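Asker: no FASTA, just this:
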């Protein structure tokens, strides 16, 4: 059986925070605001995987009201979700994600993000796609107020 899930996340940009996407720390004067490390790329992938397996959403498993997830490494959360999938007899086929950000320019670090995510999910690199787009000056992403990510995951029954 093949299943598909989608994920979406958006975080405001805020001075004084590190910018982390796909587990990669990116030099920039602002970072993403959030309870954990606010890695919107990892969060969107987590929701896509949970959705594909009908296992709820990131907020149900890692609520921002719980101290255990304060400043949590989102790749660690992603590893927990991958373990949940395995427990429920699912294997990840592939991931495709699009980051929407006016700045910084992300093309130079996309391969690094892909490699970290692939390693985290124990997947070959050719099964993880990460792209970056601008919003042409429109909306909170276009005004440099936020970064959003859309992700899709394809999983299959491991049996």
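Answerer: Great, that's in hand. These numbers come from a predicted model, not from an experiment.

Asker: hey, let's count contacts and neighbours off CA atoms from now on
Answerer: Will do.

Asker: strands of this structure, start to end?
Answerer: Counting by DSSP state E, residue ranges of the strands within the chain are 2-15, 19-21, 24-26, 30-32, 90-100, 128-133, 146-157.

Asker: who touches the fifth one?
Answerer: Spelled out, that is strand 90-100. Applying Cα atoms under 8 Å, 6 or more residues apart in numbering, the external contacts of strand 90-100 come out as 41, 45, 53, 85, 123, 127-135, 141, 147-158.

Asker: which of those residues are buried? Put it as a ChimeraX command.
Answerer: Those of the contacts of strand 90-100 that meet the burial criterion (16 or more other Cα atoms under 10 Å) are gathered into one ChimeraX selection, given here:
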select :41,45,53,85,123,128,129,130,131,134,141,147,148,149,150,151,152,153,154,155,156,157
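
Asker: name the helix or strand of the chain that has the lowest mean pLDDT.
Answerer: With mean pLDDT, DSSP states H and E as the measure, the helix or strand of the chain carrying the lowest mean pLDDT is helix 58-61 (a mean of 88).

Asker: which residues does it contact?
Answerer: The contact list for helix 58-61, computed with Cα under 8 Å, 6+ apart, reads 43, 46, 47, 50.

Asker: which of those residues fall in helices?
Answerer: Judged by DSSP state H, the contacts of helix 58-61 include 43, 46, 47, 50 as members of helices.

Asker: the third one: how many residues sit nearby?
Answerer: The tally of other residues near residue 47 (other Cα atoms under 10 Å) stands at 28.

Asker: distance check, it against residue 56.
Answerer: 8 Å (Cα to Cα, to the nearest Å).

Asker: can you check the last one too?
Answerer: Distance of residue 50 to residue 56, computed by Cα to Cα: 6 Å.

Asker: surely residue 134 and residue 104 touch.
Answerer: No. When contacts are counted by Cα atoms under 8 Å, residue 134 is not listed as touching residue 104 (9.8 Å).

Asker: tabulate the contacts of helix 58-61 (a markdown table), appending pLDDT and distance to residue 108.
Answerer: As requested, those are arranged in a markdown table below (pLDDT from 0 to 100; distance: Cα to Cα, whole Å):
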| residue | pLDDT | distance to residue 108 |
| --- | --- | --- |
| 43 | 96 | 21 |
| 46 | 97 | 24 |
| 47 | 97 | 26 |
| 50 | 98 | 29 |
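
Asker: between the residues you listed, which is closest to residue 113?
Answerer: Within the set of the contacts of helix 58-61, residue 43 lies nearest residue 113; the separation is 13.5 Å, counting by Cα to Cα.
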